[in-house]
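Q: Structure of the sequence below:
(one chain, ligands or ions: 2)
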Amino acid sequence: MPTALITGVTGQDGSYLAEFMLGLGYQVIGMVRRASVVRLDRLEAIQDRVILAQGDLLDQVCLVRILQEYEPDEIYNLAAQSFVPTSWHQPILTGEVTALGVTRMLEAIRTVRPSARFYQASSSEMFGKVREVPQKETTPFYPRSPYGAAKVYGHWMTVNYRESYGLHATSGILFNHGSPRRGLEFVERKISLGVASIKLGLADKLPLGNLEARRDMGFAGDYARAMWLMLQQDEPDDYVVATGETHSVREMCDIAFSHAGLDYQDYVVRDERFFRPAEVDLLVGDPSKAGRVLGWEPQITFTELMHMMVDADLELLRSDERVPDVTEMTTLRR
Ligand code: NAP
Ligand code: G4F
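A: Ligands and ions are numbered 1, 2, ... in the order given. Alright, predicted model coming up:
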């Protein structure tokens with residue numbers, strides 16, 4: 001039974017990847033950082049089958065220890081400070097975790113477990129102020145946030161450890177992907193939860209920032225499958241994973257509100273606090289290499305994703321569960 005280590009297993013992607021790999025018969029080790037209350041909500045269905053190992057990307061020693069103890073065959077580095085606005089509030093922490101954390105893991109692999117295959121969760125945010133449309137593996141980077149800059153560093157360190165030390169180190173350049181397990185502050189989840197709240201009479205407006213920003217958005221479950229496929233290749237490489245379509249935040253609102261029988265124009269209000277100091281206006285990926293080499297293509301369309309998320313949030317709120325409003329914690333004073 002092969003062993004996989006997943007950092008960020010408590011996150012959206014980590015939970016989908018762990019489920020997928022358990023289904024393939026892997027032993028899954030999930031790295032979880034210490035907290036006064038550990039939240040394993042996203043792992044509810046598989047918690048008894050994932051081996052949890054306490055660790056943190058800020059701490060080199062624990063990474064070495066985990067690799068020595070579990071001897072993983074595949075390592076998926078999904079852990080990161082992943083919310084772009086927080087990266088302006090906490091640029092140093094973002095650099096420590098999202099950038100240097102990658103080097104800590106690569107060094108641990110190089111010294112302790114060089115035969116392991118490594119996946120780095122790179123991001124379309126690296127393209128930032130885009131130099132080319134659509135963006136592909138060879139498109140130059142122009143990051144627009146501390147998060148984007150940290151991801152560029154992590155990406156290039158992955159390429160360098162591959163070329164300098166011969167590690168099987170692969171970088172997946174994933175475009176936006178959501179799901180009902182998406183963090184509450186990301187725009188598609190903020191919209192689906194907002195629609196559900198309004199539909200059930202729990203709110204009467206939804207404050208948003210830039211409605212004209214465009215994203216290439218798929219379903220997280222499809223993207224987890226692409227991560228695994230990348231590490232099954234004989235040679236490590238870089239891959240863009242995307243749908244090839246782009247949609248504005250305004251379109252997201254239109255589709256989500258319409259699904260609940262509402263008109264977004266009656267509820268969405270412009271709120272300056274959700275605009276960013278520097279915006280990524282347009283992302284659209286060219287996933288043809290992933291299709292050709294990995295045989296990967298997305299199964300869930302953008303509209304299906306938005307409907308799935310609205311339905312899940314209606315069910316969540318109907319179940320009386322308390323959902324904290326975290327979306328205003330990182331608003332930016334201008
Ligand atoms: P997410 O839901 O925010 O999950 C992030 C994970 O990282 C959580 O498990 C979190 O643990 C963990 N983490 C944060 N700081 C850590 C640290 N210092 N040490 C160890 N673990 C730490 O993110 P996601 O959407 O699943 O994304 C997964 C990865 O793909 C991230 O690297 C993200 O930047 C990247 N990415 C995401 C997208 C997307 O659209 N979703 C697109 C491109 C790339 P806690 O639960 O303890 O907070
Ligand atoms: O949902 P977002 O916060 O995601 P963003 O910045 O695209 O980053 C996500 O995707 C990246 C891949 O490209 C990942 F690497 C990263 O970890 C994360 O998962 O914002 C999307 C767009 C932005 O243009 C933003 O300005 O939505 C716009 N937006 C408009 N109003 C809003 C809001 N974003 C948020 N979060 N909240 C708003 O009220």
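
Q: can you give me the helices in the stretch 151-300 of the chain?
A: 187-199, 220-231, 249-259, 288-289 (DSSP state H, counting those that start in this stretch).

Q: Of all these, which one comes closest to ligand 2?
A: Within the helices of the stretch 151-300 of the chain, the stretch nearest ligand 2 is helix 187-199; the backing value is 3.5 Å (C-beta to the nearest ligand atom). C-betas here are computed from N, CA, C, even on glycine.

Q: Tell me the residues on this protein that lie near ligand 1, please.
A: Contacts of the chain with ligand 1, taken as C-beta under 6 Å from any ligand atom, map to 7-8, 10-14, 33, 56-58, 78-82, 97, 121, 123, 174, 176-177, 183.

Q: filter these to the buried ones?
A: Buried subset of these (neighbour count, 16 or more other C-beta atoms under 10 Å): 7-8, 10-14, 33, 56-57, 78-82, 97, 121, 123, 174, 176-177.

Q: how much space is there between residue 198 and residue 303?
A: 20 Å (C-beta to C-beta, to the nearest Å).

Q: what about the two, which has more around it?
A: The neighbour count for residue 198 versus residue 303, taken as other C-beta atoms under 10 Å, is higher for residue 198 (20 against 14).

Q: How is this structure divided into domains?
A: 3-177+217-241, 183-216+245-278+301-328 (automatic domain parsing).

Q: The first one and ligand 2, any residue contact?
A: Yes. Domain 3-177+217-241 reaches ligand 2 (C-beta under 6 Å from any ligand atom) through 82, 84, 123, 124, 125, 175, 176.

Q: List the ones among the residues you listed that fall in helices.
A: Using DSSP state H to define helices, the subset of the residues of domain 3-177+217-241 next to ligand 2 located there is residue 84.

Q: Go through the residues of domain 3-177+217-241 next to ligand 2 and flag which are in strands.
A: Counted as lying in strands by DSSP state E, out of those, are residue 123.

Q: any chance of the residues of domain 3-177+217-241 next to ligand 2 in JSON lines, with pLDDT and distance to residue 160 too?
A: Shown next, in JSON lines, are the residues of domain 3-177+217-241 next to ligand 2 (pLDDT from 0 to 100; distance: C-beta to C-beta, whole Å):
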{"residue": "82", "pLDDT": "98", "distance to residue 160": "23"}
{"residue": "84", "pLDDT": "98", "distance to residue 160": "25"}
{"residue": "123", "pLDDT": "99", "distance to residue 160": "18"}
{"residue": "124", "pLDDT": "99", "distance to residue 160": "21"}
{"residue": "125", "pLDDT": "98", "distance to residue 160": "20"}
{"residue": "175", "pLDDT": "99", "distance to residue 160": "24"}
{"residue": "176", "pLDDT": "99", "distance to residue 160": "26"}
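
Q: could you dump the residues of domain 3-177+217-241 next to ligand 2 to CSV with distance to residue 44?
A: Putting the residues of domain 3-177+217-241 next to ligand 2 into CSV (distance: C-beta to C-beta, whole Å) gives the following:
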residue, distance to residue 44
82, 21
84, 28
123, 27
124, 29
125, 29
175, 27
176, 24
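
Q: nearest to residue 299, of the residues of domain 3-177+217-241 next to ligand 2?
A: For the residues of domain 3-177+217-241 next to ligand 2, the minimum distance to residue 299 (C-beta to C-beta) is 15.6 Å, reached by residue 175.

Q: Identify the residues contacting the closest one.
A: 124, 215, 216, 217, 218, 240, 241, 242, 243, 283, 284, 285 (C-beta atoms under 8 Å, 6 or more residues apart in numbering).

Q: need the contact list for the last one.
A: For residue 285, the residues meeting the contact criterion (C-beta under 8 Å, 6+ apart) are 124, 134, 135, 136, 173, 175, 216, 240, 241, 242, 243, 244.
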